[in-house]
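Undergrad: Sequence and predicted structure below; questions after.
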Amino acid sequence: MKSPQYLRSSRDALRVHGPVLVVFLVLFVPFVLPVVMLVVGALRSAAPGLGGNWTASGFRTVYSNPTTYSTLGDSLILASSVTVISISLGVFLAWAVERTNMPLRRVVTPVMVIVFATPSLFLALGWEMLANNPAGLLNKGFVAAFGTSSGPFDVNTWPGLIGVNVLKTSAIVYLLMIGPMRAMDHSLIEASRSAGASTRRTIFRIEIPLLAPAISGVAMLTFVVMLSVLDVPLLIGVPGNIFVYSTQIFNYIAATAPPAYNSASAMSMLLMVVIVVLLIIQRSLLRKRAFVTIAGKQRASSRVDLGGWRWLCLGVAVLYTLAALVLPVGQILIGSFQPVFGVYGHWTLENFRYVASTPELRHAIANTFEIGVVAGFCAALLAVAISYVQRRSTSKLRRLPEISVWMILALPGLVLSLAMVWAYLSIPGLKNLYDTVAMLIISLVVYVTPVAMRASEGAIVQISTELEDAARVSGASGVRTFVSIVMRLIAPSFVAAWLVGGFLAAGNLDVPLLMSGPNNPTLPVEVYNLYSSTANFAGAAAVLVTFVALFVCIALVGVVVWRLVLVRGVRRRSAMAPGRVVSGGRKAESRGDVLPTESRA
Amino acid sequence: MTPKKVMPRRGRGRSSCIALGALGISLTLAACGSSGSDASSGSDAQSAPTMSASSALGSQYVTQFQALYKKAKADGQTTIQIYSADAATNGPLYDAFEKRFPGITISAHSAEPGTLSATLSADLASGKKTIDIASTGSTEMIGGAQTGDFQSYEPFTAAFQKGNDVQADPNNDIRAVYYSIKVIAYNTSRVKQADAPTGWEDLLDSRWAGGKLGLRDPTTPGGGQELVSDMLFDGRFDVSYLDSLKAQGIKLLGSPAAAANAVATGQVSVGFPVNYNDVLALAKKGGPIGYVFPAKGGNLLSPIYQGIVKSAPDLEAAELFEDWSYTPEAIAALNTLGSYSPAPSAPNNAPANLPAFSTLDLFKPIPLAKVNEVNTGPAAQIQKIFH
């Protein structure tokens, strides 16, 4: 007997919209509820849960204040400058590593990983010590070398603020672009060359358009992150009288008595509007260029011979390595062996004794590792699930989960942290997690999922539906198909998303600042306490050095284990099967795609 | 100086494996190096001297202390959770308390600017109620009192604060527990002691122009804002002074510790107002930093307020700490930390090398009820000058 029409329609609607709605429901409490609470907070005279009345005074205060618009202008300048420069630098270096014969190109990726893993606070602190005028080492060296009365460097300026941010974001851009660069359909490039196009023409007419979705996605991520960045502007900008939108939001909380949470929330909402508009613009632009795709056969392509220019490329890479790694991290390393950070001439191991003898710090180090591993994994899993549903769904609502996730990026960490506290403490079960590591992990998963999505969604795009269809026809359930087909095929990108998310979660300061208590201290919070509450900067440097040393040890062990597992796996596979089918019957290439591969159009 | 924090019991086992690595690396490094005799541990020197109970607590209060101590212990209140802006530096103070009252320990957590109300309300909303006492500057404590974060308590050792509109609010929710001392710090490699500015007026001298001066950001709560507010409220300085200061090409400095470090590392030749205890800590480590406690034109002391949190889980123990905070023993510990006590009964209430509290030429104190008005009244003007 045939089902009635309305039942069939309902079933069809459920089939089309169901998965999206399920994902949205899963995201509602962790992602959407904080944003809802923020809107509520903007319209209340006191923080949610503290009584108060409904009022629009927060909006009136914020949007009648000229400083709102001047700082917004400054933030737009900062975000635009950093985005343009870091995209140029990051994409250029990814291209030089992947597509050219630049010398020492294998060293670039490890450098980028280390820069990425170094907390911004330390990058900024390192440069504050290096290029402060007049006390910075670079200025002292300049004065000593040229006999001038003062040096030319001053980090507490616009170029300094932009430059320090560029150093960090270029590493993120590079890591997010290296995969797409590697996964480009090289047959188009070969065709262009065969047709007589020059290298330059091929780059601008073929390679860059091929990468447009990935570049625009990463550019948007960078732009949005820079709109809400707080730590570097506080450390580098404020001493130079440079104030941006996020520092103004921070002032409503930290510089107003009692804290004007409604004004901070109202101000943050403008950022959310900006992000939604940017998302719409980005999607609209890419839709018009839908002919541009990256997925295709991964034919090996010969590298571009740069001739003498390869040394120039190497020079850029070396300069970046010096500026982003050697100089600031070297400064931190030296500082960790000084009694007073930045005062040279005396050496001591006291700071490391301090780390060893302070239980709170050891507890924080352990928590931070736990957060990095668990939050990174959960964020990667969530990111894959959201990307997968969105990619496979034909529902008109499929953008809903993505927008929910992206909105979070608009909120400066401290505001996001407040919104999360308000939201999660209103849920009976979740409130029991207050003052636990679990609460921090949930919050940090929310914070890093947008970036993990950026790192994983490209891999989803690349998977043909043929294998999944085949699995379903063979009787596999949806979950089994997802786990045994999709997850296995995207494993390298999943690991990349895990790593990226894990680093970001472990190094985040803003979110745990409100949620970290006696039972759940984290390393960034402890370091920040040392930095802001005591004069023990050298101790803070020693904490970081200890953490990095531990991280390197664990990473080395991990690499050894990974290689052992890999070798055993390859041996087993070569004994059992002739090759691994990826899509449409083609064999996978053993390129070890360890980073995100592509952005979707 | 070692931050005083009690290791949460739940975390010890879980953290031990990874922490062992950190410990191993640090100990290995420490074992093969120099002794670092000028380094940061200063707890020995800063420990409060041992006193008899009657001289430490005041003979008239010993019985009350004993009764409260007994009651707190009988109720199983063995850990006091303190949320304080100075948690990382108040270790010796907490040590002295723990030594006086064995079996009751203090777990102190740092309070970051702007987070007091949010943290206390979250603590209450979670139902866990972990915090017993909060302690930080006037701005945030007043905000907390206004939102009902604290409960009324009048320490039996602090009767002198009754009716004092500067030191306690009318409901006895919060009260001044010590004064943080602010000084003009200078880099001894760049400025000779004889050439250092001796007061606020000296800072306008042309030799300090061109980025040599660093001022704690006066647009955010903290020493910079207090200096500017106190100057204007006191009346000895007006806005034209601030304009002149700005014209010197000053650099704005962030946290108190950042201000002290900026001076020690030579980022600025002179920084103000800088925490006296930060200067001491850096100088002890060999940092080239000296200080001037302004002899003329007004001394700046920042009152640090304290209050028992509403529904504090360890109420009797918290009250015990509040009462103890004004005893001769606590005053001695505060002095060694580089702070003044507000208690007038202590004749030698002064950190080493500083004049007695009773002799200070303080800026006119601001009544608690007026602090917000005094701070926020000229805020727009200050923001315009310094931003």
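TA: Happy to help now that I have it. Residues are numbered from 1 along each chain as shown, chains lettered A, B, ... in the order given.
Undergrad: Can you tell me which helices and strands whichever helix in chain A runs longest packs against?
TA: Ordering each helix of chain A by length in residues (DSSP state H) puts helix A:537-576 first. Applying 3 or more CB pairs under 8 Å, 6 or more residues apart in numbering or on different chains; DSSP states H and E, we find helix A:537-576 packed against helix A:120-131, helix A:327-336, helix A:350-357, helix A:359-392, helix A:523-533, helix B:9-31. For every residue, glycine as well, the C-beta is placed using N, CA and C.
Undergrad: could those helices go into a markdown table alongside distance to residue A:471?
TA: Formatted as a markdown table, the helices and strands packed on helix A:537-576 follow (distance: least, CB to CB, whole Å):
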| stretch | distance to residue A:471 |
| --- | --- |
| helix A:120-131 | 43 |
| helix A:327-336 | 47 |
| helix A:350-357 | 51 |
| helix A:359-392 | 13 |
| helix A:523-533 | 43 |
| helix B:9-31 | 40 |
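Undergrad: For the longest helix of chain A, buried residues please.
TA: Of the residues in helix A:537-576, A:537-551 count as buried by neighbour count, 16 or more other CB atoms under 10 Å in any protein chain shown.
Undergrad: With stretch A:159-175 instead?
TA: The neighbour-count check on stretch A:159-175 (16+ other CB under 10 Å) flags A:160-175 as buried.
Undergrad: now that stretch, how far from the centre of its chain.
TA: 12 Å (CA atoms, centre = their mean, to the nearest Å).
Undergrad: Likewise for stretch A:147-159?
TA: So, by CA atoms, centre = their mean, the centroid of stretch A:147-159 is 31 Å from its chain's centroid.
Undergrad: neighbouring contacts of it?
TA: A:77, A:127-128, A:130-134, A:136, A:138-143, A:160, A:163-164, A:236-237, A:239-240, A:242, B:251 (CB atoms under 8 Å, 6 or more residues apart in numbering or on different chains).
Undergrad: Next, count neighbours for residue 211.
TA: Answering for chain A, as no chain was given. 23 (other CB atoms under 10 Å in any protein chain shown).
Undergrad: wrong chain, I was asking about chain B
TA: What residue B:211 shows, counting by other CB under 10 Å, is a neighbour count of 18.
Undergrad: Now do the contacts for the closest residue to residue A:34 other than its chain neighbours.
TA: Nearest residue to residue A:34, sequence neighbours excluded (CB to CB, 6 or more residues apart in numbering or on different chains): residue A:419, at 3.8 Å. Contact analysis of residue A:419 by CB under 8 Å, 6+ apart lists A:34-35, A:37-38, A:41, A:265, A:411.
Undergrad: For the buried ones among those, write the corresponding ChimeraX selection.
TA: Only the buried entries of the contacts of residue A:419 go into this ChimeraX selection, using 16+ other CB under 10 Å:
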select /A:34,35,37,38,41,265,411
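Undergrad: and residue A:57, what does it touch?
TA: A:45, A:262.
Undergrad: switch the cut-off to 10 Å
TA: The contact partners of residue A:57, by CB atoms under 10 Å, 6 or more residues apart in numbering or on different chains, come to A:42-45, A:260, A:262-263, A:266.
Undergrad: sorry, back to before: can you flag which of the buried residues of stretch A:159-175 belong to strands?
TA: Of the buried residues of stretch A:159-175, none are assigned to strands by DSSP state E.
Undergrad: Just give me the closest of these to residue A:67.
TA: The nearest member of the buried residues of stretch A:159-175 to residue A:67, counting by CB to CB, is residue A:161 at 17.9 Å.
Undergrad: Next, find the distance separating residue A:104 from residue A:98.
TA: 14 Å (CB to CB, to the nearest Å).
Undergrad: try residue A:522
TA: Distance from residue A:522 to residue A:98, by CB to CB: 35 Å.
Undergrad: Could I get the phi/psi values of the closest residue to residue A:172 other than its chain neighbours?
TA: Setting aside the residues directly before and after it, residue A:172 is nearest to residue A:116 in space (CB to CB, 6+ apart), at 6.2 Å. Phi and psi for residue A:116, reported as degrees, to the nearest 10, are phi -60, psi -40.
Undergrad: Name all residues that make contact with the residue nearest the centre of chain A.
TA: The centroid of chain A falls nearest to residue A:451 when counting by CA atoms, centre = their mean (4.4 Å). With contacts taken as CB under 10 Å, 6+ apart, residue A:451 has the following neighbours: A:172, A:176, A:221, A:225, A:379, A:383, A:405, A:409, A:497, A:500-501, A:503-505.
Undergrad: Would you tell me which of the helices and strands packed on helix A:537-576 gets closest to residue A:108?
TA: That would be helix A:327-336 among the helices and strands packed on helix A:537-576, by CB to CB, at 16.1 Å.
Undergrad: What residues of that closest one count as buried?
TA: Across helix A:327-336, burial judged by 16+ other CB under 10 Å covers A:327-329, A:331-332, A:334-336.
Undergrad: cool, stretch B:344-353 as well?
TA: Buried, per 16+ other CB under 10 Å, within stretch B:344-353: B:346, B:349-351.
Undergrad: okay if I get the residues you listed as a markdown table plus distance to residue A:363?
TA: Output for the buried residues of stretch B:344-353, formatted as a markdown table (distance: CB to CB, whole Å):
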| residue | distance to residue A:363 |
| --- | --- |
| B:346 | 37 |
| B:349 | 37 |
| B:350 | 37 |
| B:351 | 32 |
